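**Q** sequence and computational prediction follow.
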Amino acid sequence: MSSTTRPDRPAVRRRARLSLAFKQAAFGLAIILPTLAILAIFRFFPMLQALYLSLTAYDLVHPPKFVGLANFAGLLEDPLFLKSARVSLTYVLFSVVPVLPLSLGLAVLFNRSVFIRNLLRSAIFMPVVMPAVVMAVVWTFMYQQDGVVNTILGGLGIDPIPWLRSSSTALWAVILIGIWRATPYYMVIFLAGLQAVPADYYDAAKIDGAGSWKTFWHITLPLLKPTTLLVVVMNVIVAMKVFAVPMIMTGGGPADSTRVLPLFIYQTAFEFFDMGRAAAMSVFLFVGVMLFSVIQVRLFTRGDESR
Amino acid sequence: MTNSARRAAVPSARWVGQPRRWKRRALRLRGKIVVSCVLATVACVTLLPFYWMFSSSLRTMDTMFSLPIQWIPSPPNWSSYALAWQAQDFTRYFLNSGFVAVTITLSNLLLCSLAGYSLTKFHYRGRGVMFLAILSTMMLPLEVTMVPLFLIIKRLDWANSYQGLIVPFLVDGFGVFLMRQYMMSIPKDLIDSARIDGASEFRIFWTIVLPLCKPALVALAVFTFREAWDMYIWPLIIITKDALRTLPLGISLFMSSYGTSWDQLMAIAVLGTLPMILLFFFLQRAFIQGIAATGLKE
């Protein structure tokens, strides 16, 4: 090799490295592009359009007409909407609160030594496997006046309950199913959280003479705090979106007692073709979901800064 | 040697702790039995709807509500399955659901892992913002965006089409998050050394990165398939043609038109759950890991 080319070499190399880095970045961008495009078109754009539609009157036939905040004002005075919001809040509250101790309790029990552990865990997990529509059909059958639920309750000396036919019980019937399905799901998440607790902690507590209740209260529970928060948030979001079960089981009745917000949005948009009003309701639902999603996103990105 | 002779032969101190240890073991066994019984009772509650669905599908309509409860119908009446299956085009609904769910699952596996790979192993401007944008789509569930999304699909002329059922769900923000978290643990050196060996970028992804992600991929697949198989509100909105109905739509339609033929309804319910049950039994670990992964934070 001649000595004249030598001074050029590092520059060439640097240029080669630069173009290589550029090529790599280009590849990195290229492979994330389809994801960004799909999410932009089918998630972000519809959200923007929902915000726009909520300010219009639109019946799918005539072009959207700008009406300002009239939809929102109308909703806040609409007893049906207020009732629907109340039903949704009741559903969320009572299908989230009981699931927490139930799923955590089951997870704690499974974390001890148990006979036929895997079999029992699979059995309790089964509700997660049942499709929502099937669940609605099967429970409608079980909730019949002379159905199996009332038969079993009769065996315990309880009078038959008109589960889905009375406006005072229908929502509770729907909530019970929500609990039946959600508990095993969050049990699995809690179990994963419990198994991540280092065994040393328990050994140390044992040496210090802490009983199992004290150990749970002072060690397990504080360590499970992030998991618990996540479970609450996920569960609230899922509960806010409930649709298939009330839609199929009751259609929102009797006397609007099970018309949760997503169901009301669906009916307003696709049965009454009032797109503007439905979009305004969606904005309300969005605010609810967002409040909790922000917590979820923060939990998910926790610890990212240290990387 | 008799028991008392043995006791005399060993230092007595060793025997002081023996009854206590035995007692402790008995206590532990009692605890184990109690816990197992509690869990078995809970299992009965979670399994009752499954059992009742199956046993009722084997009943005839005139013994459906007869008392006392006949827990095992005899003789079993299997005819409801064929009757229900032929009452509507369930073969078609089944195939539609399968096609839609499998396509959505495969596409999510590819796109989520590509995006996750990009977000963890490449450096470019705006990466952090892109990740946050993808993550924030979790705030935009279908229940919120269904009205405008329907308008978009209508404008694309995709109502009553497979594209309409599939394309909006080709990728999911949560799936990307899942893959990204998993791919963080893949050492960068591995990729760099493959680059030095002259492997192309795509080849590195396909033959080195993807195989390492197998546990996360299986979890994502199970999770996505379950959601897609379960999908109800979206097909309800955009599908009106019978030939394009998915299984959940078919089942709810069957419910509204044959509302009291409980034997046939339960038969269809059994058949609609069967794929998920089979999937669960073959991929039990992945299934549970897939759910547990939705709670992972690191």
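**A** Great, that's in hand. Numbers count the residues shown, from 1 in each chain, chains lettered A, B, ... in the order given.

**Q** what is the burial count for the residue of the stretch 51-200 of chain B at minimum distance from chain A?
**A** Closest residue of the stretch 51-200 of chain B to chain A, CB to the nearest CB: B:F122 (2.6 Å). For glycine as for every other residue, the C-beta is placed from the backbone atoms N, C-alpha and C. Number of residues near B:F122 (other CB atoms under 10 Å in any protein chain shown) recorded here: 20.

**Q** wait, it touches A:A26, no?
**A** No: at 9.2 Å, B:F122 does not count as touching A:A26 under the criterion of CB atoms under 8 Å.

**Q** quick revisit: per-residue pLDDT of the residue of the stretch 51-200 of chain B closest to chain A, please?
**A** pLDDT, B:F122: 92.

**Q** phi and psi next, for it.
**A** Dihedral pair for B:F122: phi -130, psi 150, per degrees, to the nearest 10.

**Q** please name the residues that touch the closest residue in space to it that isn't next to it in sequence.
**A** Spatial nearest neighbour of B:F122, excluding adjacent residues (CB to CB, 6 or more residues apart in numbering or on different chains): A:G28 at 2.6 Å. Residues counted as contacts of A:G28 (CB atoms under 8 Å, 6 or more residues apart in numbering or on different chains) are B:S118, B:K121, B:F122, B:H123, B:Y124.

**Q** just among the residues you listed, which is most surrounded?
**A** Most surrounded of the contacts of A:G28: other CB under 10 Å gives B:S118, at 27 neighbours.

**Q** where's it relative to B:Q264, distance?
**A** B:S118 is 50 Å from B:Q264, where distance means CB to CB, to the nearest Å.

**Q** going along the chain, name the helices of the stretch 51-200 of chain B.
**A** For the stretch 51-200 of chain B, the helices defined by DSSP state H, counting those that start in this stretch cover B:79-87, B:90-121, B:127-136, B:142-155, B:162-166, B:173-183, B:188-196.

**Q** other SSEs contacting the second one?
**A** Contacts of helix B:90-121 with other secondary structure elements, assessed using 3 or more CB pairs under 8 Å, 6 or more residues apart in numbering or on different chains; DSSP states H and E, are made with helix A:9-39, helix B:127-136, helix B:162-166, helix B:173-183, helix B:214-230, helix B:247-257, helix B:262-282.

**Q** list just the nearest of the contacts of A:G28 to B:I134.
**A** Among the contacts of A:G28, B:S118 lies closest to B:I134 (CB to CB), at 10.5 Å.

**Q** to what extent is B:E227 buried, counted in neighbours?
**A** 17.

**Q** and it, what does it touch?
**A** Counting by CB under 8 Å, 6+ apart, B:E227 has no contacts.

**Q** run through who's touching stretch B:108-121.
**A** Residues external to stretch B:108-121 that are found in contact with it (CB under 8 Å, 6+ apart): A:28-29, A:31-32, A:34-35, A:38, B:127, B:130-131, B:134, B:169-172, B:175-184, B:186, B:188, B:191, B:205, B:209-210, B:213, B:217, B:220-221, B:224.

**Q** of the residues you listed, grab the buried ones for PyMOL.
**A** In PyMOL syntax, the buried subset of those is picked out as below (16 or more other CB atoms under 10 Å in any protein chain shown):
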select buried, (chain A and resi 28+29+31+32+34+35+38) or (chain B and resi 127+130+131+134+169+170+171+172+175+176+177+178+179+180+181+182+183+186+191+205+209+210+213+217+220+221+224)
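
**Q** quick check, pLDDT for the nearest residue to B:G175 once chain neighbours are set aside.
**A** Closest residue in space to B:G175, ignoring its immediate chain neighbours: B:C112 at 3.7 Å, by CB to CB, 6+ apart. At B:C112, the model reports a pLDDT of 97.

**Q** any idea how far B:C112 is from A:S88?
**A** According to CB to CB, B:C112 stands 31 Å off from A:S88.

**Q** what strand or helix carries B:A40?
**A** B:A40 is located in helix B:18-57, with elements delineated by DSSP states H and E.

**Q** so where's the stretch 201-307 of chain A uncertain?
**A** Low-confidence segments of the stretch 201-307 of chain A (pLDDT under 70): A:303-307.
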